[in-house]
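Asker: build me a structure from this.
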Amino acid sequence: MVALRGMTIMPEMVVHFDVSRERSVAAVQQAMTEEQKIFLVTQKELDTENPGQEDVYEVGCVGTVKQIMKMPNHILRVLVSGESRAVLKEVDESESYLRAQVEMIDDSDVIIAGDLNNQALERGLKDIYVEYAARNRKLSKETVAQILEIKDLKKLVDEIAAGIPLYYTEQQELLSKIDFWERYEALSIRLVNEVQILDIKEDIQTKVKERVDQHQREYILREQLKLIREELGDDTTLSDAEEFEQAAAKLKAPKEVKEKLKKEIGRFKGSLNSPAESGVIRTYIETLLEMPWNHASKDNQDLAFAEQVLAEDHYGLENVKERVLEYLAVRTLTKKGESPILCLVGPPGTGKTSIAKSLAKALKKSYVRISLGGVRDEAEIRGHRKTYVGAMPGRIANGIRIAGVKNPVMLLDEIDKVSKDYKGDTFSALLEVLDSEQNSKFRDHYLEVPLDLSEVLFVTTANSLQTIPRPLLDRMEIIEIESYTENEKLHIAQEHLIPKQLEKHGLNSQMLSFSKRAIWKIACNYTKEAGVRQLEREIGNICRKAAKEILTNKKKRVTITERNLPLYLGKEKYTYQMANAADEVGIVRGLAWTSVGGDTLQIEVNVMPGKGEVLLTGQLGDVMKESAETGISYIRSISERQGIASDFFEKHDIHVHIPEGAVPKDGPSAGITMATAIFSAITNRKVRADIAMTGEVTLRGRVLPIGGLKEKLLAAKKAGMKTVLVPRENNKDVEELSAEITKGLEIIPVESMDEVLEYALAVSEK
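Answerer: I've put the predicted structure just below:
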């Protein structure tokens, strides 16, 4: 008996192996002196030197020693032919070699010649073997042909088992199958598994080869390109990775950014063979390198220069100018970079956006404008995460990159028109940006490193504060920009709009001039707005017509006056309802605030015999309807004191009407006006034609404060009113108004309806 290490001999197998252990050499030599029969069995553990019966497998193979060759170092090379399976019963270790007592396995009687079932099994096994041989290139065509010639199923199984290259433990498993049919099934399963393994292996090798070929091709092309550059003397160019490393070394940035760059450049070097991945990393590295992490511009500290710039660029807007100069003064004294967050609120066309531009010019800062109108995706503010295709930084980070400094003036235009949807709440994303306590560590999803926004001077604009959430509003300093007066519009047109439009249309002041009265008329009768946008359009319209006239009629100069204005702009578009010529019953002039400034509101009341119904017409909103009902309730409560019959309201209908029925009207400021008109109609007392009023009324006749006082007083002035009644609580607003607005108006503060009626009713009717 010879114990084999890492090798299993199968029946029908002819094989060479080397023998070096003394027991094994002695066993082979003894076999040659006897009948050349030897029992070959595999030992369980490779490192066992002197194996006994318990160290070897139970089933081995009896073979014949065909040839022995002596090799150097006392090694024998033995040629053995495997013949039959045998089960080890006993091992005799008394001599210098091992002698085994075995039981021979003879399963020749299991095969019945001519049995169709056996033929089917034979063909099935051969088919599997052919499929296996087609994939295993180690098997020669001659070997395959010889096996396919075998007709004996038992011999076929042994030949195939001996001929397929398996690991010794797998061969031992087949050898140990004493039952022939178990052996047949195990061999079939093994062959099928081997076919699948070879298929997978071939597929993997094909893919690897394709990839290697592609990388090899790219490598060769790069090397050729490098050589061509060297031949042309252009070999001084650095690789992209080297350029990034040099740029990163020069970059002034926080330690966290430097470490992130170093890591990403390392990834970039490792991804050069993958164009898709390297392209994404390249874009990210370039973005980080372009950001002005620690690069700040030096601010202007000259207050006189800033004041001059603001005065030149804008007429009026004293509150805004004062706030900017205060900020500049504080910054100059403290030397600190923290900036306020200003929110400019006002009607369209009042110059909110241009103020931010002038602010940057006055402070000598970089200027970036970001329009937020209609933005509804949170990623627009915070950026996209790098994992997404086409990811990019948010608008804030991108604005800083465009500015090139960490402390620009950043205008967030139309912040009240931000919307939200399923992609996130954009207002909430702005909370971190516009919070001076948080924005020093603003996290953009794309950059992945903190960005300092504390030195950015944020200016936001809005037409209304109604749509801005309270938490966001709380983080901003609100500066209200009110409507322009006609006088302010005149100055703005003369100093800014006309020179701008003349230059835009290729004209100069010698070719086209405007009289003051003409500008005044354009502002009053051709535009109806709080700002000056439409005024500028009308001036541009005149410039175009004048340019055509100069070229067509060869005129040298065109002068626009109040008289010839209709020739250029057509008939007047807006007229103001002037004060009534005489005092009347049931007609009172109220004041209203609209998005385009102030307006007067004439309220008419008629009393008719009826059943006590109240009609409200003129497209009134819910608030104004409630004001009318409150006014009637108040008058009913004082009817006895005012000499009104107790059954008057049961026998009469009251109709309250506000002309211009097509225009929706709503707001809490027409209460005292309606109450006065109803009282006048009921008592048949006339109301002064030259008086206007604004204020809300309560059931007990108390007058409540209102907003938009400046615009309302301007409207009263345009309509030719002499006296205006305003709530006493609005006194503080009156004191802030300029003399230009209040001049020519008698403004009377009132606290109750008794005072209102006292001033409103004509002298002859009191």
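Asker: now the helices for the stretch 501-650 of the chain?
Answerer: 516-521, 533-552, 565-569, 622-637, 648-651 (DSSP state H, counting those that start in this stretch).
Asker: is it possible to get JSON lines of these that adds mean pLDDT and mean neighbour count?
Answerer: Just so you know, the C-beta spots here come from the backbone N, C-alpha and C atoms, and that holds for glycine as well. JSON lines is the format used below for the helices of the stretch 501-650 of the chain (pLDDT from 0 to 100; neighbours: other C-beta atoms under 10 Å):
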{"stretch": "helix 516-521", "mean pLDDT": "89", "mean neighbour count": "18"}
{"stretch": "helix 533-552", "mean pLDDT": "91", "mean neighbour count": "17"}
{"stretch": "helix 565-569", "mean pLDDT": "89", "mean neighbour count": "17"}
{"stretch": "helix 622-637", "mean pLDDT": "88", "mean neighbour count": "18"}
{"stretch": "helix 648-651", "mean pLDDT": "89", "mean neighbour count": "14"}
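Asker: out of these, nearest to Gly163?
Answerer: Proximity to Gly163 (C-beta to C-beta) singles out helix 533-552 among these, at 94.5 Å.
Asker: quick revisit: for Gln53, find the nearest of the helices of the stretch 501-650 of the chain.
Answerer: Among the helices of the stretch 501-650 of the chain, helix 622-637 sits nearest to Gln53 (C-beta to C-beta), with 106.3 Å.
Asker: closest to Leu40 out of the helices of the stretch 501-650 of the chain?
Answerer: helix 533-552 (104.7 Å).
Asker: residues in contact with the closest one?
Answerer: Contact with helix 533-552 is made by 348-349, 489, 492-493, 497-498, 500-502, 504-507, 511-512, 514, 522-523, 526-529, 555-556, 558, 560, 568-569, as judged by C-beta atoms under 8 Å, 6 or more residues apart in numbering.
Asker: show the buried residues in those.
Answerer: By neighbour count, with 16 or more other C-beta atoms under 10 Å, the contacts of helix 533-552 hold 349, 489, 492-493, 497-498, 501-502, 505, 507, 511-512, 514, 522-523, 526-527, 529, 558, 560, 568-569 as buried.
Asker: from Leu116, how far off is the closest residue to Leu251 other than its chain neighbours?
Answerer: Closest residue to Leu251 apart from its sequence neighbours, by C-beta to C-beta, 6 or more residues apart in numbering: Leu289 at 6.2 Å. As for Leu289, its distance to Leu116 is 80 Å (criterion: C-beta to C-beta, to the nearest Å).
Asker: more neighbours: these two, which one.
Answerer: Taking neighbours as other C-beta atoms under 10 Å, Leu289 and Leu116 compare with Leu289 leading, 17 against 7.
Asker: that one and Ile396, how far apart?
Answerer: Counting by C-beta to C-beta - Leu289 and Ile396 are separated by 18 Å.
Asker: same question for Ala579.
Answerer: 53 Å.
Asker: of the two, who's got more company?
Answerer: Ile396 (28 against 17).
Asker: tell me the spacing between that one and Ile9.
Answerer: Counting by C-beta to C-beta - Ile396 and Ile9 are separated by 78 Å.
Asker: Trp293 too?
Answerer: For Trp293, the distance to Ile9 equals 74 Å [C-beta to C-beta].
Asker: with neighbour numbers in mind, choose between the two.
Answerer: Ile9 (27 against 20).
Asker: quick one: contacts for that one?
Answerer: Val15, Leu40, Gly60, Cys61, Gly63, Val80, Gly82.
Asker: which pLDDT value goes with it?
Answerer: Listed pLDDT for Ile9 reads 87.
Asker: ok, now Thr236?
Answerer: For Thr236, the predicted pLDDT is 46.
Asker: so which bits of stretch 358-378 are buried?
Answerer: Here stretch 358-378 shows 358-363, 365-370, 372, 375, 377-378 as buried, counting by 16+ other C-beta under 10 Å.
Asker: in this protein, which strand has the most residues?
Answerer: The residue-count maximum for a strand in the chain (DSSP state E) belongs to strand 75-92.
Asker: which positions within that strand qualify as buried?
Answerer: Leu76, Val78, Val80, Ser81, Gly82, Glu83, Ser84, Arg85, Ala86, Leu88, Val91.
Asker: nearest to Gly707 among the contacts of Ile9?
Answerer: Val15 (106.3 Å).
Asker: in the sheet, who's paired with the closest one?
Answerer: Val80 (DSSP bridges).
Asker: contacting residues around it?
Answerer: Ile9, Leu79, Val80, Gly82.
Asker: ok, Glu49 next?
Answerer: Arg21.
Asker: what helix or strand is it located in?
Answerer: Glu49 belongs to no helix or strand when assigned by DSSP states H and E.
Asker: now it: how far from Ser419?
Answerer: 84 Å.
Asker: now the longest helix anywhere in the chain: mean pLDDT?
Answerer: Counting residues, the longest helix found in the chain (DSSP state H) is helix 180-231. Averaged across helix 180-231, pLDDT comes to 81.
Asker: ok, then the element right after it?
Answerer: By DSSP H and E, the next helix or strand past helix 180-231 is helix 240-250.
Asker: who's in contact with the following helix or strand past that next one?
Answerer: Downstream of helix 240-250, the first helix or strand assigned by DSSP H and E is helix 255-270. For helix 255-270, contacts defined as C-beta under 8 Å, 6+ apart pick out 240-241, 244-245, 248, 251, 253, 278, 281-282, 284-285, 288-289, 291, 293, 448-450.
Asker: and the angle from helix 255-270 to helix 240-250?
Answerer: 170 degrees (axes from the mean of the first three to the mean of the last three C-alpha atoms, to 10 degrees).
Asker: show me where the stretch 51-200 of the chain has its helices.
Answerer: 116-135, 141-149, 153-163, 168-175, 180-231.
Asker: dump the third one to CSV, restricted to CA.
Answerer: Going back to what we said before, that points to helix 153-163. Extracted in CSV, the C-alpha atoms of helix 153-163 (Å, rounded to 0.1, in the frame of the first residue of the first chain):
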residue,chain,number,x,y,z
LEU,A,153,-21.3,2.0,-19.7
LYS,A,154,-19.2,1.0,-16.7
LYS,A,155,-15.9,1.6,-18.5
LEU,A,156,-17.3,4.8,-20.0
VAL,A,157,-18.0,6.2,-16.5
ASP,A,158,-14.6,5.2,-15.2
GLU,A,159,-12.7,6.6,-18.2
ILE,A,160,-14.6,10.0,-18.0
ALA,A,161,-14.0,10.2,-14.3
ALA,A,162,-10.3,9.5,-14.8
GLY,A,163,-10.1,11.9,-17.7
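Asker: circling back to that earlier point, and the angle for the longest strand of the chain with helix 168-175?
Answerer: Using the same axes, to 10 degrees: strand 75-92 against helix 168-175 is 50 degrees.
Asker: of all the buried residues of strand 75-92, which comes closest to Ser669?
Answerer: Nearest member of the buried residues of strand 75-92 to Ser669, counting by C-beta to C-beta, is Arg85, at 111.8 Å.
Asker: contact partners for that closest one?
Answerer: Pro11, Val59, Gly60, Cys61, Val62, Met104, Ile105, Leu175, Ile178.
Asker: what pLDDT does the model give Glu765?
Answerer: 51.
Asker: and Arg382, how far from Leu447?
Answerer: According to C-beta to C-beta, Arg382 and Leu447 sit 10 Å apart.
Asker: the two - which one has more neighbours?
Answerer: Applying other C-beta under 10 Å to Arg382 and Leu447 shows that Arg382 carries more neighbours, namely 25 against 22.
Asker: quick check: the residue nearest to Leu251 touching Phe244?
Answerer: Yes - Leu289 is within contact range of Phe244, at 7.2 Å (criterion: C-beta atoms under 8 Å).
Asker: quick one: the residue nearest to Gln494 when sequence neighbours are not counted from Leu490, how far?
Answerer: Closest residue to Gln494 apart from its sequence neighbours, by C-beta to C-beta, 6+ apart: Ile519 at 6.8 Å. Ile519 sits 5 Å away from Leu490, going by C-beta to C-beta.
Asker: no more questions from me, cheers.
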